[in-house]
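Visitor: pasting a predicted model and its sequence here:
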2 protein chains.
Amino acid sequence: MAGVPSIDHDPASYDRPAVTVDLVLMSIVDRAPVVLLMRRPIEPDLGKWALPGGFVRIDESLDDAARRILRDKAHMADAYIEQLYTFGDLDRDPRARVITVTYFALLPPDRFGDALKSSPDLTLAEIIVPWADETGGPVEVTDDSGPVALAFDHAAILGLAMLRLRGKLNYSTIGFALLPETFTLRALQDVHEAILGATLNKPAFRRRMLEKGWIEPTGIRETGASFRPAELYRLRTDF
Amino acid sequence: MAGVPSIDHDPASYDRPAVTVDLVLMSIVDRAPVVLLMRRPIEPDLGKWALPGGFVRIDESLDDAARRILRDKAHMADAYIEQLYTFGDLDRDPRARVITVTYFALLPPDRFGDALKSSPDLTLAEIIVPWADETGGPVEVTDDSGPVALAFDHAAILGLAMLRLRGKLNYSTIGFALLPETFTLRALQDVHEAILGATLNKPAFRRRMLEKGWIEPTGIRETGASFRPAELYRLRTDF
DNA sequence: TAAGTAAGATGCGACTCGCATATAAGGTAG
DNA sequence: CTACCTTATATGCGAGTCGCATCTTACTTA
């Protein structure tokens, strides 16, 4: 979708803020939500961890900028991506007035392997949500070596992403972006539980998912388990 | 809330897009949603109706820019205001690359009187939503003299505002911004019905609103009606 | 062949919601 | 003063949803 402003002056007559895009790239690892972070190579907040981001070029749309940064900085191929919020307070960067449009994307965890191998300045950090339900607020982040210091107010941006994700989980197919093409109902429930930070009732979850009509059975069953194999489902593409 | 980008180059080394803020100022008149529009005084789309908007200054936050435009261009005092979405496609304005952050606000209808009197280039146009439920899409707009031609793709922006408004109506106190300080349950239901474009069941609506705990009775009753007077309620401020 | 484990199904009580209907409280007309 | 009109407010009931306990199924392992 594209909008057009109501302009009544020559745009060139104003000083312009810089515009950047930051990405919240999330996944689920070991039943916990994680986010891709980059170590900042320069001041300010040198050495702290930050969301991957970059400037919007004059000849690319915001969505294109988000996809370019996804590809070049986060080393990811295309993914489900969605605009989150735009941050425009003053003094967000000591060097210049910067407005940042944030996007968030969801990917299966195996999609992060190449990115993490390509650079030691990338990490997948676990998100700990210290609030419940619709409360909102900043989140905390940890990796293998303990709590992670986030640059700027990226904890608040991550909190907004978690809030949006939780809100959309039940009335959109957003959660399936974290799963491979075929999956079991148990795997789907694990994704929901990780995002919501709560355990769900199995029969009720199963009923709800099947009644939504989003998924269809493949007729194939999981293999390898030492117990009754679960049926594999896929997201329907024919609506 | 304020975010800070991940910057790894000097911001000054890039060409910068212009950034504007557009406002979707909505109300309810005669049980229909309406929006404040300005007639465009210049090309492009001269003479068409557009959302009030303007450039973001280098020394004001996005939220401050929205409030300034609300005051100066729409002639409104402060109001409940909320960021909607940011539009950043190319060629949105033939004169320059422009990124527009949209906000929407809700006001009781009497708050528009001064603004409409102050300028013949302002109008309150009725919004006709041609879709139901969560579908989304552009809306149509009419005023006393029939269908109104909207500038650019402002019909799509308005559609997004209606979608957001409908979505938040049931789990936030957003709808109360359209009512005076005290109101009857019937008036509250009229607001909900106008926004949702559907009639609601009266006992169920009343039960739901009272159970949410958002409102409290004032002990005062409506006067003037030639039938049983309704109790006046107010939005609780003590949470 | 029995035991163990998790998938998948079923039945039930609590709760919500729409709807029909009943009662209450004013004004108005005679 | 009283019957009547209109809308506010309350209540009771059936359908549908959801959580939960429990039962059955299917596969591996000992």
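Guide: Nice, thanks for sending it over. Numbers count the residues shown, from 1 in each chain, chains lettered A, B, ... in the order given.
Visitor: please tell me how far residue A:55 sits from DNA strand C.
Guide: Taking Cβ to the nearest atom of the strand, to the nearest Å as the measure, residue A:55 falls 46 Å from DNA strand C. Just so you know, the C-beta spots here come from the backbone N, C-alpha and C atoms, and that holds for glycine as well.
Visitor: that should have said residue A:52, apologies.
Guide: Look at residue A:52 and DNA strand C: by Cβ to the nearest atom of the strand, they are 35 Å apart.
Visitor: and for residue A:74?
Guide: Distance, residue A:74 to DNA strand C, using Cβ to the nearest atom of the strand: 32 Å.
Visitor: residues near that residue, how many?
Guide: Neighbourhood size, residue A:74 [other Cβ atoms under 10 Å in any protein chain shown]: 22.
Visitor: what pLDDT does it get?
Guide: Residue A:74 is assigned a pLDDT of 80 by the prediction.
Visitor: does it really touch residue A:23, like I thought?
Guide: Yes. Proximity of residue A:74 to residue A:23 meets the contact threshold set by Cβ atoms under 8 Å, at 6.4 Å.
Visitor: stretch A:45-54 vs chain B: in contact?
Guide: Yes. Counting by Cβ under 8 Å from any Cβ of the partner chain, contacts between stretch A:45-54 and chain B involve A:50-54.
Visitor: most surrounded residue in the residues you listed?
Guide: residue A:51 (31 neighbours).
Visitor: returning to what we had before: can you redo the residues of stretch A:45-54 next to chain B as JSON lines with secondary structure, pLDDT and distance to residue A:157?
Guide: JSON lines is the format used below for the residues of stretch A:45-54 next to chain B (DSSP: H, G, I helix; E, B strand; the rest coil; pLDDT from 0 to 100; distance: Cβ to Cβ, whole Å):
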{"residue": "A:50", "secondary structure": "strand", "pLDDT": "96", "distance to residue A:157": "10"}
{"residue": "A:51", "secondary structure": "coil", "pLDDT": "97", "distance to residue A:157": "7"}
{"residue": "A:52", "secondary structure": "coil", "pLDDT": "95", "distance to residue A:157": "12"}
{"residue": "A:53", "secondary structure": "strand", "pLDDT": "95", "distance to residue A:157": "10"}
{"residue": "A:54", "secondary structure": "strand", "pLDDT": "95", "distance to residue A:157": "15"}
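Visitor: pick out the most distant pair among the residues you listed.
Guide: Farthest-apart pair in the residues of stretch A:45-54 next to chain B is A:50 and A:54; separation 11.5 Å (Cβ to Cβ).
Visitor: for the helix or strand bottoming out on mean pLDDT in chain A, the distance to its chain's centre please.
Guide: In chain A, no helix or strand scores lower on mean pLDDT, DSSP states H and E than helix A:113-118, which sits at a mean of 89. Put simply, helix A:113-118 sits 17 Å off its chain's centre (Cα atoms, centre = their mean, to the nearest Å).
Visitor: go on, stretch A:103-111?
Guide: Its chain's C-alpha centre and that of stretch A:103-111 lie 6 Å apart, by Cα atoms, centre = their mean.
Visitor: can I get the longest strand along chain A in CSV, CA atoms only?
Guide: Determined from DSSP state E, the single longest strand within chain A is strand A:18-29. Extracted as CSV, the C-alpha positions of strand A:18-29 are listed here (Å, rounded to 0.1, in the frame of the first residue of the first chain):
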residue,chain,number,x,y,z
ALA,A,18,17.6,11.2,8.0
VAL,A,19,15.4,8.1,7.6
THR,A,20,16.5,4.6,8.5
VAL,A,21,14.9,1.1,8.6
ASP,A,22,15.6,-1.3,11.5
LEU,A,23,14.6,-4.9,11.4
VAL,A,24,13.3,-7.1,14.2
LEU,A,25,14.2,-10.6,12.9
MET,A,26,12.6,-13.2,15.2
SER,A,27,12.5,-17.0,15.4
ILE,A,28,11.9,-19.7,18.0
VAL,A,29,14.8,-21.8,19.4
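Visitor: partner strands of that strand and their direction?
Guide: strand A:32-39 (antiparallel), strand A:53-55 (antiparallel), strand A:98-106 (parallel) (DSSP bridges).
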